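> Here is a sequence together with a model predicted from it:
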Amino acid sequence: MKPVRIGTEYITLGQMLKLTDCIDSGGQAKAFLAEATIHVNGEPDNRRGRKLYRGDRIRVQGHGEFEIV
């Protein structure tokens, strides 16, 4: 599990994908989320605006698992 450090209260799923190099730019988020399987805390989710807080765990198909810290 790879830690994703944030300095704010939350980060959106789209921002997290960019920060972790799953996508190259924020503009790719919508297309990426339409194709990839993503689970947030064990539940499927593909909303790029989904707020992620410390302790949330995200599994991205083909890229691994991440935890917001």
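Looks like it came in fine. Numbering: from 1, shown residues only.
> Show me the helices in the chain, by range?
Using DSSP state H, the helices of the chain run over 13-19, 29-35.
> next one: the first one to chain centre, how far?
Looking back up the chat, that one is helix 13-19. 5 Å (C-alpha atoms, centre = their mean, to the nearest Å).
> Quick check: mean pLDDT of it?
The average pLDDT for helix 13-19 rounds to 95.
> And stretch 30-42, by the same measure?
Average pLDDT, stretch 30-42: 94.
> got the end-to-end distance for that stretch?
21 Å (C-alpha to C-alpha, to the nearest Å).
> and the helices of the chain, which is most packed in?
helix 13-19 (a mean of 20; mean count of other C-beta atoms under 10 Å). Every C-beta, even on glycine, is put in place using the N, C-alpha and C of the backbone.
> I would like the residues contacting that one, please.
By C-beta atoms under 8 Å, 6 or more residues apart in numbering, the surrounding residues in contact with helix 13-19 are 4, 11, 23-26, 29, 32-33, 38, 40, 45, 47-50, 52, 58, 60, 66, 68.
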